[in-house]
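**Q** Predicted model and sequence follow; I will ask about them next.
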Amino acid sequence: MNHTEFPEMQDAEVHTNSYLRPRWPFASVEDGLLHIDGKSVEEIARKYGTPFYMIIEKEVRSRLKRFRKAFAYRPFQPQYAVKCNSNPAILQIIREEGFEADTSSMGEIMLALKAGFRPDQITLTNQYKSPEELHLAISLEIKALGIDSLEDLEDMVRMAETLNKEANIFLRINANIRRGEDYDTSRHQYGIPLESAEEAIRIAAREKHTRLAGLHWHGAYVPEPGVYLEALRKITDLAEFAKRAGNPLEYLDFGGGFPAEYGDEKAFTPEEVGESFSRTLERIIKQKGLERPTLIFEPGKFIVANAGLAVFRVVSFKNFGEQKILISDGGTYNMLPDPLIWDCYYHILPASRMDEAPDVRYAAIKGNTCDHLDSIAKGRMLPPLRKGDLLVATDCGAYSNVMASNFNGRKIPPMLMLRKDGEIEMIRRPQTYEELFSPELDREPREDDRLVADILREHLDDKLTARRLEHKGFLLQHP
Ligand SMILES: Cc1ncc(COP(=O)(O)O)c(C=O)c1O
């Protein structure tokens, strides 16, 4: 087609391109409307109402495959950080793609089990494990408990003694890594400080009820690939120490922290880490004579952030002279909390007017709560919008739904999944008001938790019955 003969067509294409990015291969424009995998978002919104989250299955699968391929080292057993988006439908996809589950609480262990992971495919890593969590994790014989401090080790050993069990542990080490002003892991709360790591290894190696199976490092919001290499060198020095202390390690776990793409900032890729990391690990194993460990990573946001959208409608406008504020039926507190916490930039797509020029500056795109901080985005050029127009925030599949609250007595929106066969499935239904308010309206403490009881019955029948756990007084009993 010759664009000079159809100037309006040329404009439309230019505007569409200015809104879309290559990292959303599922997005296209037809008749000025945003389509996802060929489906009109407007039609989906008419059917399900707004606001809603949407996860694109094909994109999740393709990112899982891509992450695995980025590392040539074998054995390699990637895990997914469940906290990032713990919806069981997503966890099932993760499992089908051969990833295991990295959990941070008893609740996440239960979700992982519900999604079909076996206990030996689940690790539990956090700073503190309650007696309930320790009891469940040790009784289930999960793959490993990530031990974060000597105090955490002490609690774990006491519970393992009580249950007369031996538990696999990974010691989580803070490798003390700095890059410039903004990145300094000694300011993070995770892990045993490098200075005390050898002592912790010695203690863990001689404990009767633990098996020191691995070392763990997590460098949240890693700024550049070289950080993983520095962690690799420091952690493998400790693996050599452990071996010399008579405790060769079976696993090395380097956590998550791979960036997702937000806004137009360039993010480094797993491929940029994978090649040099795998090569360096091979070399170190030879140099240090280590037994070949299984390599673990636990990506979260890299897998799901760019595969998720939030869809909401324009409901009203407040024009203060030149300053135009747009109110939507979406929001931060109930749907997309990240912009409240850090300087998170979500692209906002004018899903109903993708072929119109971004001629209007909106000072803020607000949510529908009482707080003036409730801005999903600030200072955005969009076409002149009307009440009822659809907006789509991109790249919000990670840490959004799981951190959203019921602030202002509002429901957390439902979540849809666009399945790989093109079907749309609701993978989280809207909440009911009864669910929101029953802890306050019905204040009788409840000792029965059906989900816990089901899990125990299903997984511990032949070892420890639910009844016995109940009598021991650890589970099902809340202070
Ligand atoms: C232990 C652990 N592993 C993995 C992750 C996932 O991190 P990300 O989403 O940055 O990949 C986290 C995030 O908090 C974590 O604490």
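**A** Yes, it's here.

**Q** Tell me the confidence at the closest residue to the ligand within the stretch 351-479 of the chain?
**A** Minimum separation of the stretch 351-479 of the chain from the ligand (CB to the nearest ligand atom) falls at A398, amounting to 6.1 Å. Every C-beta, even on glycine, is put in place using the N, C-alpha and C of the backbone. pLDDT for A398: 98.

**Q** Just list the residues touching it, thanks.
**A** 84-85, 260, 300-301, 303-305, 308 (CB atoms under 8 Å, 6 or more residues apart in numbering).

**Q** any idea how far it is from N406?
**A** A398 is 20 Å from N406, where distance means CB to CB, to the nearest Å.

**Q** Kindly report the residues of the stretch 301-450 of the chain close to the ligand.
**A** 301-302 (CB under 6 Å from any ligand atom).

**Q** what's the closest non-adjacent residue to the residue of the stretch 51-200 of the chain found nearest the ligand?
**A** Taking CB to the nearest ligand atom, the ligand has its nearest neighbour within the stretch 51-200 of the chain at A81, 3.4 Å off. Of all residues not flanking A81 in the chain, G300 sits nearest, at 3.3 Å (CB to CB, 6 or more residues apart in numbering).

**Q** got a list of what the one you found touches?
**A** Here G300 is in contact with 80-81, 83-85, 256, 398-399 (CB under 8 Å, 6+ apart).

**Q** Distance-wise, check it relative to the ligand.
**A** 3 Å (CB to the nearest ligand atom, to the nearest Å).

**Q** Also R211?
**A** To the ligand, R211 is 20 Å away according to CB to the nearest ligand atom.

**Q** Three-state assignment for the nearest residue to that residue once chain neighbours are set aside, please.
**A** What sits nearest to R211 in space, not counting adjacent residues and going by CB to CB, 6+ apart, is N168, at 5.1 Å. Taken by DSSP: H, G, I helix; E, B strand; the rest coil, the conformation at N168 corresponds to strand.

**Q** and what of the one 3 residues further on?
**A** Classification of L171 into helix, strand or coil gives strand, according to three-state DSSP.

**Q** and it, how many residues sit next to it?
**A** The number of residues packed near L171 is 30, by other CB atoms under 10 Å.

**Q** Surely A377 is within a strand?
**A** Yes - applying three-state DSSP, one finds A377 inside a strand.

**Q** just for the stretch 1-150 of the chain, where's the confidence low?
**A** Scanning the stretch 1-150 of the chain for pLDDT under 70 picks out the ranges 1-10.

**Q** how does it look with 50?
**A** Under the criterion pLDDT under 50, the flagged ranges of the stretch 1-150 of the chain are 1-6.

**Q** how about the residue nearest to R211, what does it touch?
**A** 142-145, 210-211, 213.

**Q** can we see that at 10 Å?
**A** With contacts defined as CB atoms under 10 Å, 6 or more residues apart in numbering, the neighbours of N168 are 120, 123, 138, 141-145, 210-214, 250-251.

**Q** Let's see which of those residues end up in strands.
**A** Residues of those located in strands (DSSP state E): 123, 144-145, 210-214, 251.

**Q** Dump the residues you listed to a markdown table, plus distance to Y48 and neighbour count.
**A** Shown next, in a markdown table, are the ones in strands among the contacts of N168 (distance: CB to CB, whole Å; neighbours: other CB atoms under 10 Å):
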| residue | distance to Y48 | neighbour count |
| --- | --- | --- |
| T123 | 35 | 28 |
| A144 | 40 | 24 |
| L145 | 40 | 27 |
| T210 | 49 | 22 |
| R211 | 49 | 17 |
| L212 | 49 | 25 |
| A213 | 45 | 21 |
| G214 | 44 | 25 |
| Y251 | 43 | 20 |
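
**Q** No more questions from me, cheers.
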